[in-house]
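Q: A structural model of the following input is requested.
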Amino acid sequence: MPSNSYDYLASINRDTLLEDAYREIVVLGDGQTLDGSKIEKGHRALMLLLGSLAQKDIRGEFATVRKRVTLFLQKGQEQYSIGGSDHCTSSYGSTTATAPIAAAATTINCVSTGMTAADTVGVLLDSGSWEWHTISTVPGGTSYTIAAPGMTGTASTGATIVYYTTALTAPLEILTAVLRDNAGNDSPISLDLRLGEYEAIGDKDAAGDPARAYVEYGRTTTDLWFDTAANDAAKTVRLVVRMPFSDMDASTDTFDCSAAGLRALKFALAIELAPQNGKTVGPALAALAGDAMIAWTDENGLTSNLFFESGT
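A: Numbering: from 1, shown residues only. Sure thing, here's the model as predicted:
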């Protein structure tokens, strides 16, 4: 009897995808493996392909990697640079201080955590602002240390401490934004603020909860200008963003996409590799590549309840 389990391929690594693409154009046969030259050429073609798809994503034509991320606000600050100096991440942990934190402290006591050395750590100070450091050590799991001269502000027992390993790089597009309070309640933030409207705001440092944002996309950073300076740094901004693929530098790197995406990438890469390997792209491969790409782009296409329907 069938087991009623569904064990389809969740992800494959870079070199497996390269092998599959080369086999589609009969450059590799069964049992043959990649040599250094094929890996180099295949990786270069893959990066050009992913870069091309990322550019299409900016125009809303292609879904790459969708992530839900958290931007930490700073009291009195209205402009934030994702991929720059501000703190935004797709995954973070939270704990609390178990003893008062004094100025110049280099050891901070906290509830047992999963933080590790080299993580970025922030303490919500008594002043209402975040103070950020890099963790040096985590002795015993109920404290962490930072480099001298240590803390500049102070915090009370029970103060919120957050930590994360990887900061977000610049997203290709910000799809949605909400302001989230301590109870997990969300308030929408509109992303429709225009440059002229933002520049026309007389008091850009006025304190309040952000309700609108002007977004500017750059090569290394994505910048947000909110309509007010944050008044409560305990609140966070929750963003849904589109991200480019990683650089896939290592042979064991895996792709952050669905099985439909892996299939589309395999056929698209095969077509990219065919000319430089003296192969022609036949109609069967072209049709498979087209169908696979449509299936992938349709996978997460709906981002609003607005749609168009032909007349009858």
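Q: could I get the full set of helices for this protein?
A: 14-24, 36-58, 195-199, 259-273, 283-299 (DSSP state H).
Q: could those helices go into CSV alongside mean pLDDT, mean neighbour count and distance to residue 120?
A: Glycine gets a C-beta too; all of them are placed from N, C-alpha and C. Listed next are the helices of the chain as CSV, based on pLDDT from 0 to 100; neighbours: other C-beta atoms under 10 Å; distance: least, C-beta to C-beta, whole Å:
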stretch, mean pLDDT, mean neighbour count, distance to residue 120
helix 14-24, 95, 21, 28
helix 36-58, 83, 16, 26
helix 195-199, 96, 12, 29
helix 259-273, 93, 21, 30
helix 283-299, 89, 15, 33
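Q: reformat those helices as CSV; add distance to residue 89.
A: Conversion of the helices of the chain to CSV gives the following (distance: least, C-beta to C-beta, whole Å):
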stretch, distance to residue 89
helix 14-24, 24
helix 36-58, 20
helix 195-199, 26
helix 259-273, 23
helix 283-299, 25
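Q: how about those helices, which one is nearest residue 126?
A: helix 195-199 (31.9 Å; C-beta to C-beta).
Q: and that closest one, what does it pack against?
A: Here helix 195-199 touches strand 213-217, going by 3 or more C-beta pairs under 8 Å, 6 or more residues apart in numbering; DSSP states H and E.
Q: what about residue 136, how many residues nearby?
A: 15 (other C-beta atoms under 10 Å).
Q: OK, contacts around the closest residue to it other than its chain neighbours?
A: Using C-beta to C-beta, 6 or more residues apart in numbering and skipping residues adjacent in sequence, the residue nearest residue 136 is residue 145, 4.6 Å away. By C-beta atoms under 8 Å, 6 or more residues apart in numbering, the contact list for residue 145 reads 106-108, 135-139.
Q: one more time with 7 Å
A: 106-107, 136-137, 139 (C-beta atoms under 7 Å, 6 or more residues apart in numbering).
Q: how about the helices of the chain, which one is nearest residue 79?
A: helix 195-199 (9.7 Å).
Q: quick one: stretch 159-171 to chain centroid distance?
A: Computed by C-alpha atoms, centre = their mean, to the nearest Å, the chain-centroid distance of stretch 159-171 equals 11 Å.
Q: just to revisit the earlier point, can you put the contacts of residue 145 in JSON lines and add pLDDT and distance to residue 43?
A: Shown next, in JSON lines, are the contacts of residue 145 (pLDDT from 0 to 100; distance: C-beta to C-beta, whole Å):
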{"residue": "106", "pLDDT": "98", "distance to residue 43": "43"}
{"residue": "107", "pLDDT": "98", "distance to residue 43": "45"}
{"residue": "136", "pLDDT": "98", "distance to residue 43": "36"}
{"residue": "137", "pLDDT": "97", "distance to residue 43": "37"}
{"residue": "139", "pLDDT": "93", "distance to residue 43": "41"}
